[in-house]
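Visitor: any chance you could fold what I've pasted below:
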Amino acid sequence: MYRVMTRAKREETGSTILLVALAMVVLMGFAAFAVDIGNQYAHRREAQGAVDASVLAGAVESTLSGASEQTMVDEILSFVDTNLGETVTATQWLNDCPDTVNPADQLDDSANDLGLTPATDCISFSRTGTEVRTALPTRQLETYFAGVVGVNELKVNSFAHANIRYSGVANPPPFVVTSPTSGGQEVCLRTSSSGPALPPLWDGDGPNPPIVGSTPDPCDETAYNPDTRFFGTLKAYAYAPTPCGQPSGNTGISAVIADGIDHNLGAFGDYSPGDPEKVDGNGCPQDATPKLPNTMELQTGFTAQVLTLGLLTTNATTPRLLRSNLPSGVEFSGVEMDNTPLWHYLRTNVGAVASSGDCALVQNAYISGDGTVDYYDRKELMLNCLAGWSAGDAPLFDESLVDSSRFAWIPLLDEANLSGLVGGLVHINAFVPTFFQKLYQAGSSVGNPDPFCWVQDVSTPGGQGWYMHEAGQPFDCGRNNQNVDRLAAIVIDCGALPNTVCVAGSSSNPGGQPVLKVELSK
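Guide: A predicted model of the protein is given here:
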């Protein structure tokens, strides 16, 4: 009996040792999780911080006069080493790149594709020059406890992706403004010289009855000879036929009106013959060196359908006038659009900083809802406010203006007359802030005879006329599903915007250089 009990006791002791051993393995597994995984997480955070800083540094470098990709790579490598506190060797950049395993993660061209030093696949660029990606070479961490369960090393991977873009809801559309021009001026961005002439600008109580203003409508062909004014677009990569697979034809042009030109542009400042040209040619963007082209080719005229798709009607991209989230209840051509007027964005203390008292008058009338100052009077006050601004005055607008879908940077050309230059090269002096003010639609009064919407041109046989709507008008205009034939924009001096979004250039024109925004996207 005693022997049997002793044997059982020994068996129980052996089982306990086995259970303790198994428990130790489990505990070591938990320790591996707590220590080794925690260590991996800490190193990953460190690596992510380093790669975020490096890709932002490279992107910022690219905004400085169109720095070369090699300069950007050098900046990225320097920031990675500084932020990690150790040197990542050229061998690691060449051999330990996670993007070599997953090449689909790369942007269009890697440093290896471009023959840069080091020739790594870990650093890549978009073909448009507006995106930069860095994938940190894979780092191996020795484990403390996880070796018990057969895991001797843990990998740390991290990457970052930065975008470089203009302030606002979209990059510059392919329209142009010619010299000379000035703040408070309205310019016509039209599709062609066809169609009836336009009535003069309305003043006072609007068109019923019309009180003729002193300035013709910006798209009035009886005042501005269409043969001497350009109606077309800049020929940018986004829709020029290229081997890059970018969209071409009307679909591409409408996308560029909505999204803006897909790569950043530069400016001469003031062009004179002999200045170095950075030509935006027919090849892929990386073929135009150095970066930030300042010379572009003109495209022939575009159609009303293209203008409509780019502004109002969804066509694989969000139209420009639908980009800001400001429901208005006001439609044009059957589409509800951003209808916020330009004076909505005036600074709260504009009366104290503006030379022209008209700035405070239009703002006060808008805020108070003063019905004695009607819409057309408000617009006239706004134009006078802009025309009265001069260098040395404080900015008139809040930064929020650039977030309006009606705001756009338009290249200001050195050439004053574009007649006969279609297919030729033009030179960008600066970029002019503009506000898309007025939409036009040609047609008869059938379907919408509202005198606030439609005005007949009595000189045109068949009773043709125009439906017109200006930003801030409280009523609907235009016939459903009809094209926008023309677009008028108000010119704003660069200096009338905060210097955080636009740096003023020559005092002889209202243009300047938009401040590029660099931001992490992934």
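
Visitor: show me what contacts Leu107?
Guide: 124-127, 131-133 (Cβ atoms under 8 Å, 6 or more residues apart in numbering). All C-beta spots, glycine's among them, are computed from the backbone N, C-alpha and C.

Visitor: gap between it and Thr117?
Guide: 19 Å (Cβ to Cβ, to the nearest Å).

Visitor: go on, Leu298?
Guide: If you go by Cβ to Cβ, the gap between Leu298 and Thr117 works out to 38 Å.

Visitor: got it, and Gly369?
Guide: From Gly369 across to Thr117, the span is 64 Å (Cβ to Cβ).

Visitor: show me which of those two is the more surrounded one.
Guide: In this comparison of Gly369 against Thr117, neighbours counted by other Cβ atoms under 10 Å, the higher total goes to Thr117 at 12 against 7.

Visitor: and that one, that's in a strand?
Guide: No. Using DSSP: H, G, I helix; E, B strand; the rest coil, the secondary structure at Thr117 is coil, not a strand.

Visitor: separation between it and Gly49?
Guide: For Thr117, the distance to Gly49 under the criterion Cβ to Cβ works out to 25 Å.

Visitor: look at stretch 99-118 and report the distance between its end residues.
Guide: Terminal residues of stretch 99-118 lie 15 Å apart, using Cα to Cα, to the nearest Å.

Visitor: what comes up buried for that stretch?
Guide: Judged by neighbour count (16 or more other Cβ atoms under 10 Å), stretch 99-118 contains these buried residues: 99-100, 105-112, 114, 116, 118.

Visitor: and what of stretch 322-339?
Guide: 322-324, 330-333, 335, 337-339.

Visitor: among those, which one sits closest to Asn481?
Guide: Taking Cβ to Cβ as the measure, Asn481 lies nearest Ser333 of the buried residues of stretch 322-339, at 6.7 Å.

Visitor: with adjacent residues omitted, what lies nearest to the closest one?
Guide: If you skip the residues right next to it in sequence, Ser333 has Gly478 as its closest partner in space, 4.5 Å away by Cβ to Cβ, 6 or more residues apart in numbering.

Visitor: work out for me the element Ala258 sits within.
Guide: Secondary-structure element containing Ala258, defined by DSSP states H and E: helix 249-259.

Visitor: tell me the helix or strand right after that helix.
Guide: Heading C-terminal from helix 249-259, the first helix or strand you meet, by DSSP H and E, is strand 279-280.

Visitor: quick revisit: my guess is the residue nearest to Ser333 contacts Gln441. True?
Guide: Yes. With contact defined as Cβ atoms under 8 Å, Gly478 reaches Gln441; the gap is 4.8 Å.

Visitor: quick one: mean pLDDT for the helix holding Ala258?
Guide: Taken as a whole, helix 249-259 has a mean pLDDT of 81.

Visitor: what of stretch 97-116?
Guide: 84.

Visitor: and the end-to-end length of it?
Guide: 15 Å.

Visitor: my guess is Leu265 contacts Pro172. True?
Guide: Yes. Shown here, Leu265 and Pro172 form a contact pair, counting by Cβ under 8 Å, at 6.9 Å.

Visitor: which residues do the two both contact?
Guide: When contacts are counted by Cβ under 8 Å, 6+ apart, Leu265 and Pro172 have 411, 431 as shared neighbours.

Visitor: ok, of the buried residues of stretch 99-118, which one's closest to Tyr345?
Guide: Of all these, Leu107 has the smallest distance to Tyr345: 35.0 Å, by Cβ to Cβ.

Visitor: phi and psi next, for the closest one.
Guide: In this entry, Leu107 is assigned phi and psi values of phi -80, psi -170 (degrees, to the nearest 10).

Visitor: which residue packs closest to it, ignoring adjacent ones?
Guide: Excluding the flanking residues, the one nearest Leu107 by Cβ to Cβ, 6+ apart is Ser124, at 4.1 Å.

Visitor: what's the answer for Ser54, then?
Guide: The shortest distance from Ser54 to any residue other than its chain neighbours is 3.9 Å, reached at Phe79 (Cβ to Cβ, 6+ apart).

Visitor: same question, Gly472
Guide: Using Cβ to Cβ, 6+ apart and skipping residues adjacent in sequence, the residue nearest Gly472 is Pro341, 2.8 Å away.

Visitor: what of Asp275?
Guide: Excluding its sequence neighbours, the residue lying closest to Asp275 (Cβ to Cβ, 6+ apart) is Phe268, at 5.5 Å.

Visitor: who's in contact with the one you found?
Guide: If you count contacts by Cβ under 8 Å, 6+ apart, then Phe268 has 275, 294, 414, 427-429 around it.

Visitor: the residue nearest to Leu107 belongs to a helix?
Guide: No. For Ser124, which was evaluated using three-state DSSP, the result is strand, with no helix membership.

Visitor: so it touches Arg133, yeah?
Guide: Yes. Between Ser124 and Arg133 a contact is recorded at 4.9 Å, counting by Cβ under 8 Å.

Visitor: show me the chain divided up by domain.
Guide: When the chain is parsed into structural domains using automatic domain parsing, the resulting residue ranges are 2-164, 177-506.

Visitor: distance between the ends of the last one?
Guide: Between the opening and closing residues of domain 177-506 we find a distance of 15 Å, counting by Cα to Cα.

Visitor: for that domain, the distance to its chain's centre please.
Guide: Taking the mean of its C-alpha atoms, domain 177-506 sits 16 Å from the chain's own mean (Cα atoms, centre = their mean, to the nearest Å).

Visitor: now for Ser124 and Arg133: what residues contact both?
Guide: Shared between the contact lists of Ser124 and Arg133 (criterion: Cβ under 8 Å, 6+ apart) are residues 99, 106-107.

Visitor: reformat these as CSV; add distance to Pro180.
Guide: As requested, the shared contacts of Ser124 and Arg133 are arranged in CSV below (distance: Cβ to Cβ, whole Å):
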residue, distance to Pro180
Asp99, 50
Gln106, 46
Leu107, 41
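
Visitor: what is the nearest of those residues to Tyr467?
Guide: Each of the shared contacts of Ser124 and Arg133 was scored against Tyr467 by Cβ to Cβ, and Leu107 proved nearest at 44.3 Å.

Visitor: where do the strands sit along the stretch 201-350 of the chain?
Guide: Counting by DSSP state E, counting those that start in this stretch, residue ranges of the strands within the stretch 201-350 of the chain are 202-207, 210-212, 233-235, 279-280, 295-299, 331-332, 335-336.

Visitor: which of those strands has the lowest average pLDDT?
Guide: Within those, confidence is poorest for strand 210-212, with a mean of 53 (mean pLDDT).

Visitor: show me where the stretch 301-450 of the chain dips below the pLDDT cut-off.
Guide: Along the stretch 301-450 of the chain, the parts satisfying pLDDT under 70 run over 315-316, 325-327, 419-423, 447-450.

Visitor: just the helices in it please.
Guide: With DSSP state H, counting those that start in this stretch applied, the stretch 301-450 of the chain shows helices at 304-311, 350-353, 358-368, 375-388, listed in chain order.

Visitor: now the angle from the first one to helix 249-259?
Guide: In this case it means helix 304-311. For the pair helix 304-311 and helix 249-259, the angle between their directions (axes from the mean of the first three to the mean of the last three Cα atoms, to 10 degrees) equals 30 degrees.

Visitor: what helices or strands is helix 304-311 leaning on?
Guide: In this structure, helix 304-311 makes packing contacts with helix 249-259, strand 486-491, judged by 3 or more Cβ pairs under 8 Å, 6 or more residues apart in numbering; DSSP states H and E.

Visitor: mind doing that once more with 10 Å?
Guide: Helices and strands touching helix 304-311, by 3 or more Cβ pairs under 10 Å, 6 or more residues apart in numbering; DSSP states H and E, are strand 186-190, helix 249-259, strand 425-443, strand 486-491.
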